[in-house]
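Student: pasting the sequence and the predicted model now:
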Amino acid sequence: MAVEDAVARPGEGKTEAERQLTLHVGLVCVVAAVAVAFSVRQLVHLDLSGDDLTLSLTLVFMAALGVRINWRIRIRATVHAISWSETAIVLGLAVAPAPLVVLTTGVGVATALLSMKPSPLKTAFGVAKSTLLAAGAGVTLHALGWSETADLRHAIGMVGLAYAVAVVLDEVLTLPVIALATGTQVRRLFRDDLGLRLTSALARFVLIAVTLVILRGDNRLLLAVPPLVLSLHLLYSNQVKARTEQQAWQRLARTTDALNVVDLDEVLSTAVTQAGELFSADEVEIELRDGGRTVRGAGGTIGYDGPAGEPSTIDGSVLPVRLEGHDGSADVGVLRLRFRGPVQLSEREQYTLRTFASALCTAVRNAQAYAELARVAAEHAHAATHDALTGLANRRQLMERGTEQLSTRHAEGVTALVLIDLNHFKEVNDTLGHAAGDQVLMQVADRLRAVAQAEDLVARLGGDEFAVLLRGLPAPAVAAHRAEALIGALHQPLDVDGMRISVEASGGIAVAPASGGMPELLRRADVAMYQAKRAGQRVSTYAPTRDTADLGRLTLGGELPRAVADHEFTVNFQPIVDLASGEVTGAEALARWHHPTHGMIDPLRFLEAVERSGLLPAFAEAILDQALLAAVTWRAAGFDLPVSVNVSPRSLLDARFPGAVLARLRAHDLPPDRLVLELTETLTLSQLDVVDRVLSRLRDSGVRLALDDFGTGYSSLSLLSRIPVHELKIDRSFVTAMESSAEAAAVIRSTLDLGRSLDLTVVAEGVESEPQRRALWELGCAAGQGHLFARPLPSGSLLAALQRGSGGRPGTLVPPLHDTGAVIRLAPGRRQPGRSRPTGLPHLPA
Ligand code: C2E
Ligand code: CA
Ligand code: CA
């Protein structure tokens with residue numbers, strides 16, 4: 001074995017490896033010199049004849065030929081040449097004295113190497129090594145008691161052993177040199193091509209044995225050996241070449257197979273490690289065009305995976321190959337093979353490289369396409385289960401996860417659902433625009449996410465409706481606590497483009513039902529939320545007693561359009577009464593739904609659904625029409641009573657609303673001041689321009705405005721200063737509580753004070769008993785409405801009651817509080833003809 005092109009980079013300081021290399025070669029040279037000196041001394045005693053000179057020259061020639069005839073194997077940037085030197089040496093030893101062979105080998109190898117002009121270091125190493133091989137084999141033969149006359153079998157055995165010693169010596173001396181020169185491990189070098197080296201050694205041994213048989217005939221036949229060697233070499237090297245090529249193709253096939261995976265990381269790492277082996281490169285680098293990702297590796301491991309531009313630690317020669325298809329299409333990047341020294345690829349290797357590059361190109365494209373497909377699929381899966389705006393889970397995901405949770409047999413703890421609905425979101429959207437609405441939703445989502453716990457699932461169900469699935473609660477009661485925290489998080493005003501917007505929210509809680517699964521849980525939470533909304537509470541927990549299961553489905557289903565079309569919505573009227581005289585001074589229109597199968601349904605159960613559907617204008621007009629018709633009828637019968645109609649906040653956001661109202665008034669030929677519109681003060685966005693315009697237009701046309709449920713909202717006073725109304729309606733809850741609660745009484749008292757100072761009519765709602773009537777009257781309240789006087793009645797029934805009267809006084813429903821004489825009757829209010837209004841506390845009889 002010989003080393004060519006070992007690393008020797010000019011102009012660079014010697015590395016540690018280079019120093020060791022020089023030391024190793026030097027040592028081999030010294031030992032060889034000793035062997036040469038010893039051989040010369042031995043030869044001096046020999047008497048050399050003319051025949052011996054011919055023999056010596058033949059030996060020199062054979063040694064030189066042994067070096068020249070070789071085949072090369074490239075390992076990285078180093079080419080190893082497997083030569084015939086040992087064969088020449090051993091054959092020489094079979095016919096000539098060992099000291100002579102040592103010297104002729106040295107001379108022959110030196111002659112051959114000098115003509116090939118490798119570096120001085122390599123020449124020195126080559127000469128010294130072969131001299132030592134000759135010496136080693138010679139000593140072995142001597143030790144075995146070699147004689148040319150030994151019988152053939154013994155001779156072949158002894159020569160075989162000497163050859164083995166030469167081969168082993170060669171390995172021992174050469175492998176460290178290659179290892180140092182290429183920076184490879186000796187162990188790895190030993191294993192590489194071991195089979196090839198063993199078979200070639202065996203073949204040479206057979207050749208040696210055959211030659212020995214020939215030489216038994218005549219020593220001069222030794223001259224016939226070189227041609228024999230040459231033809232054998234040609235035969236053998238062709239075989240070796242064929243085999244190496246076959247192996248190379250097999251390896252290429254295996255490699256391209258291995259590239260056939262869909263994961264890009266795997267493609268790249270396989271390509272880098274396989275190309276390293278396939279082309280025996282010191283480093284392999286793949287730089288992808290798409291994103292500039294660069295993967296680099298050496299010796300079977302990936303050393304770098306990151307953006308392009310990071311310089312390689314190896315400098316030497318680089319072989320770049322574009323990664324493109326066979327037809328030059330689809331250039332996906334570059335493959336670079338790096339070597340520590342100059343390298344020339346064989347024709348086969350170049351072809352292999354091109355094939356490899358195109359296989360790699362296909363693999364990268366496939367993997368990239370697959371990754372893209374996987375990304376799109378994941379995106380679709382995410383989009384299908386998530387809300388695009390807030391990134392929260394969507395309804396579908398909530399239903400799926402909830403169903404999973406409810407069907408887990410041994411699920412720990414309690415599962416509950418909190419449904420959260422923003423109270424005035426539509427107004428934000430309608431007036432500040434959708435971009436602002438989106439920001440509100442996103443901030444609400446963020447807040448809910450921040451308050452939710454790890455095991456909760458926060459979802460947006462659509463519009464301004466959110467839901468939080470609470471899992472693993474220690475007890476059902478904890479749900480209410482957690483819901484409070486969630487809704488509380490929405491209480492601080494939101495900052496939208498510098499504007500502070502407060503969104504209140506209502507929440508409904510339901511604990512997982514025993515049956516019905518997720519749809520039932522959602523329905524129950526919906527019922528609870530609806531109860532919270534209507535009761536003006538922040539949070540309400542589902543109570544089966546307050547649930548009319550069919551109704552939920554009814555209103556959610558498509559029943560509403562039919563109800564509007566079939567005039568199933570009717571109106572009942574509840575009289576408003578002068579507390580002192582019992583005289584009817586007006587009537588409030590209250591909607592009812594006469595459902596064909598469910599019978600009478602009261603408004604709290606269907607109003608929200610009407611408001612959410614697009615049917616509100618049609619519904620509102622139907623109610624208004626019936627209310628005005630009733631007023632006209634009563635008027636014709638001699639009872640000129642104003643009719644109060646409740647208005648949904650959403651109607652006030654509709655700029656066409658005033659026009660529609662005035663048109664109905666004209667159609668019924670009713671003066672506008674016979675209509676009172678009751679507004680709920682939960683309309684916190686009343687400062688919105690559109691609401692202002694709608695209300696001003698109605699007011700200016702003479703329509704009267706009342707603030708309903710007064711006292712329950714937090715912005716009562718500020719609202720009053722914005723919307724000039726004619727009437728306040730004290731919420732029923734204060735009237736109910738006034739006898740037991742000082743606070744409720746105080747609210748009533750201050751509302752009445754306010755009414756006096758702003759010159760407004762105040763009506764107390766929900767008067768159910770005589771003591772309430774009296775107490776209200778004593779506080780200065782003139783008007784009331786409630787079961788004490790009458791429940792809401794159909795228009796005709798109310799008219800009949802008015803005509804009947806109380807105690808024979810038509811137009812009254814109850815007897816007067818006191819002797820009419822004792823009551824100080826005051827002049828009718830300017831604003832409300834037909835209603836009596838005390839301006840101060842009435843004087844009670846002593
Ligand atoms: P509201 O405007 O506060 O109407 C008064 C509610 O109190 C009515 O319930 C009435 O039946 C009830 N009520 C009257 N006196 C008493 C009493 O002495 N004790 C008790 N416990 N309750 C009494 P109703 O008819 O169920 O209406 C509920 C709410 O539905 C109304 O509250 C109103 O906000 C709304 N509403 C009713 N009709 C319409 C409508 O046509 N349009 C709109 N937008 N809302 C309506
Ligand atoms: Ca009302
Ligand atoms: Ca009310």
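Tutor: Received the coordinates, thanks. Residues are numbered from 1 along each chain as shown. Ligands and ions are numbered 1, 2, ... in the order given.
Student: got the end-to-end distance for stretch 482-501?
Tutor: In stretch 482-501, first residue to last residue: 24 Å (C-alpha to C-alpha, to the nearest Å).
Student: what does stretch 319-338 give?
Tutor: 6 Å.
Student: which residues does it contact?
Tutor: Here stretch 319-338 makes contact (C-beta atoms under 8 Å, 6 or more residues apart in numbering) with 271, 275, 279, 281-290, 312, 314, 316-318, 339, 343, 345, 353-354, 356-358, 360-362, 364-365, 368. Placement of C-beta: from N, CA and C, glycine included.
Student: can you list the strands that the strand or helix carrying residue 285 pairs with?
Tutor: Assigned by DSSP states H and E, residue 285 belongs to strand 283-288. Sheet pairing of strand 283-288 (DSSP bridges) gives strand 293-298 (antiparallel), strand 333-339 (antiparallel).
Student: compare those and report which one is nearest to ligand 2.
Tutor: When the strands paired with strand 283-288 are compared by C-beta to the ion, strand 293-298 sits nearest ligand 2, at 68.7 Å.
Student: after that closest one, which helix or strand is next? Please name it.
Tutor: Following strand 293-298 in sequence, per DSSP H and E, is strand 301-307.
Student: so the lengthiest strand in the chain, near ligand 1 or not?
Tutor: Secondary structure of the chain read by DSSP state E shows that its longest strand is strand 584-595. Yes - applying C-beta under 6 Å from any ligand atom, one finds strand 584-595 touching ligand 1 at 590, 591.
Student: how far does that strand sit from the chain's center?
Tutor: 55 Å (C-alpha atoms, centre = their mean, to the nearest Å).
Student: who does the helix or strand that it is followed by pair up with?
Tutor: Using DSSP H and E, the next helix or strand after strand 584-595 towards the C-terminus is strand 599-601. Strand 599-601 has the following strand partners under DSSP bridges: strand 584-595 (antiparallel).
Student: quick check: buried residues in the helix or strand hosting residue 358?
Tutor: Under the criterion of DSSP H and E, residue 358 resides in helix 347-385. Residues 349, 352-353, 355-368, 385 are the ones in helix 347-385 that count as buried (16 or more other C-beta atoms under 10 Å).
Student: please name the nearest non-neighbouring residue to residue 437.
Tutor: Distances taken as C-beta to C-beta, 6 or more residues apart in numbering place residue 429 nearest to residue 437, at 3.7 Å, with adjacent residues excluded.
Student: doesn't that neighbour fall inside a helix?
Tutor: Yes - assigned with DSSP: H, G, I helix; E, B strand; the rest coil, residue 429 falls within a helix.
Student: hmm, back to that, can you lay out the strands paired with strand 283-288 as a markdown table showing mean neighbour count and distance to residue 612?
Tutor: Formatted as a markdown table, the strands paired with strand 283-288 follow (neighbours: other C-beta atoms under 10 Å; distance: least, C-beta to C-beta, whole Å):
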| stretch | mean neighbour count | distance to residue 612 |
| --- | --- | --- |
| strand 293-298 | 21 | 51 |
| strand 333-339 | 22 | 56 |
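Student: could you export those as CSV, including mean pLDDT and distance to ligand 3?
Tutor: Formatted as CSV, the strands paired with strand 283-288 follow (pLDDT from 0 to 100; distance: least, C-beta to the ion, whole Å):
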stretch, mean pLDDT, distance to ligand 3
strand 293-298, 90, 68
strand 333-339, 92, 74
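Student: what about the residue of the stretch 201-350 of the chain found nearest ligand 1, is that helix, strand or coil?
Tutor: Of all residues in the stretch 201-350 of the chain, residue 291 sits closest to ligand 1, at 59.3 Å by C-beta to the nearest ligand atom. When classified by three-state DSSP, residue 291 comes out as coil.
Student: pLDDT wise, what is it at?
Tutor: Listed pLDDT for residue 291 reads 81.
Student: one step back: any residue of the longest strand of the chain touching ligand 2?
Tutor: No - residues of strand 584-595 contacting ligand 2 under C-beta under 5 Å from the ion: none, with a closest distance of 5.6 Å.
Student: give me the domain ranges for the protein.
Tutor: Here the domain parsing of the chain from automatic domain parsing is 16-249, 259-381, 395-557, 568-831.
Student: quick one: end-to-end distance for the shortest one.
Tutor: Think domain 259-381. Domain 259-381 end-to-end distance (C-alpha to C-alpha) = 29 Å.
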